[in-house]
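sequence? don't have it. structure:
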């Protein structure tokens, strides 16, 4: 364990965490909402520090990050815990577990970087569960990785307070944020959270020059309203810019939403068309079979730039971050 950042001591041995907008008040010998931070004798500790339960090598496209070092391998790590409780969570066995309830490994930040170098991974990705809840572990890994010339990426729900996010941005190179809906009721009813902090996090990531991509998982009957999707696309373009790639991905029944059908490819492709029509330059479809909608095209001349098959790169025609027509393609390509 390691003493946590961003908390204060209260009376009667309680503590208050300020890492995420929930600002949990935590009694002695208790965990916060995330199950990853514990009050021990009036001090808050990260109960998951150096204790990942998932360490794998993934293609960076799996995050998904399509405009960040295409074809590169990412050493991906995750712990238990999450500061949201999404009813559709695909990794709920990790995200809702407690440290004593799941098998973990003891791997220090130094050892994580050694593994990445040994396996030829140019990227460390903090993913699987919400990396905010293992903030101290992530930050220590990221600092070492940066010194070694490795890139750092996060796959996050964006539900984090401004101060810790700005500290993290000093070491993070790329982020995919799950914008779960453009509806606060959805966030409250389905995710046990609220929308505004996520929108603020997106703005901060963009302002701090962290390469940003957004994923919107479309769940039938819950967040598949076309007008709402259109409003979200307009907000992204106006507040973050047209260069931010937007991924629409398909839902499969899981966890507490077993009675909702999987997302049809048609609604995903329709959402992508709305994004492109809004002026977003790059939009993609995921979690369903989609050939054309999974590729990257030049927004100026329409040339096929990156052809993908699932998470594999078939061809990459981007040279010096440009199309052959001279159009600059936003992203981190080298």
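Great, that's in hand. What you see is a predicted model; the values in this text were computed from it and never measured. Numbers count the residues shown, from 1 in each chain.

Next, the buried residues of stretch 204-213.
Buried residues in stretch 204-213, counting neighbours by 16 or more other CB atoms under 10 Å, are found at 204, 205, 206, 210, 211, 212, 213. Placement of C-beta: from N, CA and C, glycine included.

For residue 155, which non-adjacent residue is spatially closest?
With sequence-adjacent residues excluded and distances taken as CB to CB, 6 or more residues apart in numbering, residue 155 is closest to residue 127, at 4.0 Å.

Need the pLDDT of the one you found.
On pLDDT, residue 127 comes in at 97.

picking up where we left off before, is it possible to export the buried residues of stretch 204-213 to a markdown table including pLDDT?
Formatted as a markdown table, the entries for the buried residues of stretch 204-213 read as follows, by pLDDT from 0 to 100:
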| residue | pLDDT |
| --- | --- |
| 204 | 98 |
| 205 | 98 |
| 206 | 98 |
| 210 | 98 |
| 211 | 98 |
| 212 | 98 |
| 213 | 98 |
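
how far away is residue 304 from residue 294?
Remark: distance between residue 304 and residue 294 (CB to CB, to the nearest Å) = 11 Å.

ok, those two, which is more surrounded?
residue 294 (21 against 14; other CB atoms under 10 Å).

so the more buried one sits right up against residue 283, yeah?
No. At 10.8 Å, residue 294 does not count as touching residue 283 under the criterion of CB atoms under 8 Å.

Now do stretch 105-122: everything it contacts.
Applying CB atoms under 8 Å, 6 or more residues apart in numbering, the contact partners of stretch 105-122 are 50-53, 55, 57, 69, 72-75, 77, 123-124, 137, 140-141, 143-145, 148, 150-151.

make it 6 Å
Taking contacts as CB atoms under 6 Å, 6 or more residues apart in numbering, the residues outside stretch 105-122 that touch it are 50, 52, 57, 72, 73, 75, 124, 140, 141, 144, 145, 148.

do the same with stretch 288-306
Applying CB under 6 Å, 6+ apart, the external contacts of stretch 288-306 come out as 70, 250, 265, 269, 272, 281, 285, 307-308, 316-318, 323, 325, 327.

Rounded mean pLDDT for it, please.
Rounded mean pLDDT across stretch 288-306 is 91.

how about it: buried residues?
Of the residues in stretch 288-306, those buried under the neighbour-count criterion (16+ other CB under 10 Å) are 288, 290, 293, 294, 295, 296, 297, 298, 299, 305, 306.

Tell me who's in contact with residue 261.
Going by CB under 6 Å, 6+ apart, residue 261 touches residue 220.

meant to ask about residue 218, not that
For residue 218, the contacting residues are 224, 248, 263, 267, by CB under 6 Å, 6+ apart.

burial count for the residue nearest to residue 155?
Per other CB under 10 Å, the neighbour tally for residue 127 reads 22.

Hmm, residue 77 and it touching each other?
No. Taking CB atoms under 6 Å as the definition, residue 127 is not a contact partner of residue 77, at 7.3 Å.

Residue 233: what's it in contact with?
Residues near residue 233 by CB under 6 Å, 6+ apart: 274, 275, 278, 280.

C-terminal to the lengthiest strand in the chain, what's the next element?
In terms of residue count, the longest strand belonging to the chain (DSSP state E) is strand 211-218. Elements were assigned by DSSP states H and E; along the chain past strand 211-218, the next helix or strand is helix 226-239.
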